[in-house]
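Student: A structural model of the following input is requested.
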Amino acid sequence: MEFSTGFGWARLPVLAAAFILGSVLTVSAQIIPPFSPPAAAVPDDEEAETAEAPSVNDPDIMKDIDVDKLDWSQLAIDAGTLNDIIAAKKRAQAAASSGLNWSSNANANGSSAVTVKQSVFEFWDTRIGADMTVASEPRTMSELLAQKAANGGSLPQSSGSAWATATAPGAGVIWDKTAVEARVDPGTEQSKIGASLTKSMPLSGDTSLTLQNGYSVNQQGTTAVPGIGGHITRNYETDQTAKVTNTDTGTSITAGQILSTTDDKWLRKLGAEQKLFDNVTVSGSVGETSQGAINKSVTAGFKKSW
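Tutor: So this is what the prediction gives:
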C-alpha cells in the first residue's frame, strides 16, 4: 500500500539537510508526530516498526528553495578551524565582560591602528585607553618590498600612547562642565595634560552660545647620549573659543584664539560648519600661523555612530 503526503517521500532527505543548515536558512519546521500505518497494510514482521510522516496540513517549507543554489560549503569545516572560531568567540566574550572596547583599522603602509579603551568610573565618565600602531612582520620578499614602498623606503615601526580622560561637573553658574585629559607617548618621550572649562547658554529660539577655556602643558624629553645629557622642555598653552549654534538650520560659527609659550603671541582663528543632511557636514576655517601666513581649509565629512 502506498502513502502520499504534502511533502512527498522523495523530499525527506532534502528536508533533513535543511534542518542541518539552520544557521544559513531562516526557516522553521514543526516537530512531525509519528504516524502508524494500519495494521493490515504492514507485514507481520514489521508490525513493531513505525514510520514518521508529516501531516497533510503542514506547509511545504521547501517550496520556494532551490536546492542547487544552497551553499553547502558552510558544512566544509575541520576541527581545527572550529576550535579557532570557538576560541575567538571566548576571547571576545571575555573582553566584553571586562569592559574593554577594542577597535582596529588597517593603514596603507601595512600596519594596523589599534585602540583599546575602558570605562573606570561612570559618574564622571572616566576612561582609560591606549592608541597603538602595530606593524606586521613581512613573511615574503614581496611583502617586504611593498611595506618599504608604502613607508618611504623603511619598514613601519610599532608605537603607542596611553591616555586617560574624565568629564566632571562645573562650579555652579560659573561653568557647566570640566574635562581633563592626559596622554603619554613613551616612544617619543612626549606627554600632555590639559583641562577645559565649558559654559553653555541659550540666546534666542534655537540659537545657543558655548564658551570654552582650555589649558594644557606639553612636555618633550630627549634621550641622553654619551657626552650629552638628556633634557626636558615644556610648552604651556591656553585657548579661548566661542561657538554660536543654530539647531534649526544646522549652522555653527566658531571664533577663537590660542597662545603658547613657543609662539608668545595670540593666534586667531575663525570657522563655520554647515550640516547639509543627516550625518553629512561641510566646514571651513581661516587662521593665523606663527610664521605670519594665513592657514585656510575647507573639509566635508560623514559621521555615523551606532
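
Student: avg pLDDT for stretch 238-251?
Tutor: The pLDDT scores in stretch 238-251 average 93.

Student: looking at the chain, which helix or strand is least sure?
Tutor: Least confident element among the helices and strands of the chain, by mean pLDDT, DSSP states H and E: strand 34-35 (a mean of 44).

Student: list the contacts of L211.
Tutor: Listed by C-beta atoms under 8 Å, 6 or more residues apart in numbering, the contact partners of L211 are T198, K199, S200, T241, A242, K243. Backbone N, C-alpha and C define where each C-beta goes, glycine included.

Student: ok, 6 Å please
Tutor: Going by C-beta atoms under 6 Å, 6 or more residues apart in numbering, L211 touches K199, A242.

Student: distance check, it against S204.
Tutor: 17 Å (C-beta to C-beta, to the nearest Å).

Student: low-confidence bits of the stretch 51-200 of the chain, can you list those?
Tutor: In the predicted model, the stretch 51-200 of the chain carries pLDDT under 70 at residues 51-57, 61-62, 67, 70-99, 109-110.

Student: and if we set it to 90?
Tutor: 51-127, 131-160, 168-176, 186-189 (pLDDT under 90).

Student: helices of that one, start to end?
Tutor: For the stretch 51-200 of the chain, the helices defined by DSSP state H, counting those that start in this stretch cover 79-97, 141-150.

Student: which other helices and strands contact the last one?
Tutor: If I follow you right, that is helix 141-150. Packing contacts for helix 141-150, counted by 3 or more C-beta pairs under 6 Å, 6 or more residues apart in numbering; DSSP states H and E, involve no helix or strand.

Student: what's the spacing between the closest residue to S112 other than its chain neighbours and Q147?
Tutor: Spatial nearest neighbour of S112, excluding adjacent residues (C-beta to C-beta, 6 or more residues apart in numbering): V134 at 4.8 Å. According to C-beta to C-beta, V134 and Q147 sit 13 Å apart.

Student: which one of these two has more residues nearby?
Tutor: Q147 (19 against 14; other C-beta atoms under 10 Å).

Student: so how far is A300 from the more buried one?
Tutor: 31 Å.

Student: now do the contacts for S297.
Tutor: By C-beta under 6 Å, 6+ apart, the residues touching S297 are S285.

Student: OK, contacts around D263?
Tutor: Counted by C-beta under 6 Å, 6+ apart, D263 has contacts S290.

Student: does it count as helix, strand or coil?
Tutor: Secondary structure state of D263, per DSSP: H, G, I helix; E, B strand; the rest coil, is coil.

Student: what of the one 10 residues further on?
Tutor: Following three-state DSSP, E273 is assigned to strand.

Student: surely it is in contact with S252?
Tutor: Yes: under the contact definition of C-beta atoms under 6 Å, E273 touches S252, with a separation of 4.8 Å.

Student: what helix or strand is the closest residue to G194 other than its chain neighbours on?
Tutor: Excluding its sequence neighbours, the residue lying closest to G194 (C-beta to C-beta, 6+ apart) is S216, at 3.2 Å. Counting by DSSP states H and E, the element that carries S216 is strand 207-221.
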